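Peer 1: My questions concern the predicted model and sequence given below.
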Amino acid sequence: MKTAFPILLIVLVAFACTENKGKKETMVSSELSLDSIRSIAKEAYVYGYPMVDNYRVQYGYYVDSTSSEFKAPWNHLTNIASVFTPADIAIQTPNSDTPYSFAGLDLRAEPMVLTLPDVDENRYYSIQFVDAYTFNFDYLGTRSSGSKAGQYLVVGPNWNGEVPEGINSVVKSETEFINLLYRTQLFNTADIDNVKKIQAQYTIETLSSFLNAEAPTAAPKVDGITSYNVLYKE
């Protein structure tokens, strides 16, 4: 079975949250009924599973360079100028008519600046922002920010700096690590070169690079689970 380890990990995460909550609330009893244990385990699974599975995706995409799903290190953008097939298994139900670009952002040290190009108003494109809880907390693109060129500042939960000139708007995340999923519409097979030209104009850079300023001290390396496959160990 592939579920035993994920369930255990998720329950531990939820109990950790419960323990933290317990600092504010007094436990009425140290003994729990079987029904209460089942209820807590269910809530733990519902609460924790999205974060565990999101970690699996992030690890395969941005950390494990030996993975067939690896895209690029944190804070780097990679473009996939092709449509997804059944061989792409990291993310559920990917689109087949919007070639993807991917970036995992680590916002602990400093914000990141996204530069977007002018895109024909008849062509759909979007950037989906997904935080560590898998909450889709913002979008950029033709249906939200429009099809004109722009530069956007992406900041973490603790950043309160000054927004520099030239920034169209600020996207604020509640978590320090986030996924960016770019989708660029492909009209037909002959259109792929046009998609590549658009993808080549998507850029991301640190705020210090954008300002030509000295970079802040790098955030410490996160020592996570060495392989996301352990989450689905037979």
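Peer 2: All right, it came through fine.

Peer 1: Low-confidence regions, this protein specifically.
Peer 2: 1-30, 90, 92-93, 223-234 (pLDDT under 70).

Peer 1: tell me the centre residue of it?
Peer 2: N179 (1.6 Å; Cα atoms, centre = their mean).

Peer 1: what does the helix or strand that contains that one rub up against?
Peer 2: Using DSSP states H and E, N179 maps to strand 177-184. Under the contact criterion Cβ atoms under 8 Å, 6 or more residues apart in numbering, strand 177-184 has outside partners 54, 57-58, 61, 74, 77, 79, 95, 98-107, 114, 123-132, 141, 154, 195, 198-199, 202, 204. (C-beta placed from N, C-alpha, C; glycine too.)

Peer 1: Run me through the strand neighbours of it, direction for each.
Peer 2: Here strand 177-184 has these sheet partners by DSSP bridges: strand 100-106 (antiparallel), strand 125-130 (antiparallel).

Peer 1: State the next helix or strand along the chain beyond the longest helix seen in the chain.
Peer 2: Of all segments of type helix in the chain, defined using DSSP state H, the longest is helix 34-58. Per DSSP H and E, the first helix or strand lying C-terminal to helix 34-58 is strand 77-79.

Peer 1: That next one packs against which elements?
Peer 2: Applying 3 or more Cβ pairs under 8 Å, 6 or more residues apart in numbering; DSSP states H and E, one finds that strand 77-79 contacts strand 100-106.

Peer 1: Touching the strand it packs on from outside, list them.
Peer 2: Outside strand 100-106, the residues touching it (Cβ under 8 Å, 6+ apart) are 58, 61-62, 71-72, 74-80, 84, 94, 112, 154, 173, 176-184, 199, 202, 204, 219.

Peer 1: among these, which ones are buried?
Peer 2: Using 16 or more other Cβ atoms under 10 Å as the burial test, those include 58, 61-62, 71-72, 74-75, 77-80, 84, 94, 112, 154, 173, 176-184, 199, 202, 204 as buried.

Peer 1: Near P220, how many other residues are there?
Peer 2: 8 (other Cβ atoms under 10 Å).

Peer 1: Over to it. Which of the three states is it?
Peer 2: coil (DSSP: H, G, I helix; E, B strand; the rest coil).

Peer 1: Nearest spatial neighbour of R123, chain-adjacent residues omitted?
Peer 2: In space, and not counting its chain neighbours, R123 is closest to Q185: 5.0 Å by Cβ to Cβ, 6 or more residues apart in numbering.

Peer 1: can you count the residues close to that neighbour?
Peer 2: Q185: 20 surrounding residues under other Cβ under 10 Å.

Peer 1: Equivalent analysis for F102, please.
Peer 2: For F102, the count of nearby residues is 21 (other Cβ under 10 Å).

Peer 1: Can we start the residue count at 41 from this point?
Peer 2: From this message on, residue numbering opens at 41, which makes the last subject F142.

Peer 1: Specify the beta-bridge partners of it.
Peer 2: T118, L221.

Peer 1: still on that earlier bit, and the residue nearest to the centre of the chain, how far from V170?
Peer 2: Distance of N219 to V170, given as Cβ to Cβ, to the nearest Å: 4 Å.

Peer 1: any common contacting residues for these two?
Peer 2: What both N219 and V170 touch, as defined by Cβ under 8 Å, 6+ apart, is the set N94.

Peer 1: Not counting its own residues, what contacts the helix or strand in which V211 is found?
Peer 2: Assigned by DSSP H and E, V211 belongs to strand 209-212. Strand 209-212 is contacted from outside by 169, 178, 180, 185, 190, 192-197, 199, 203, using Cβ under 8 Å, 6+ apart.
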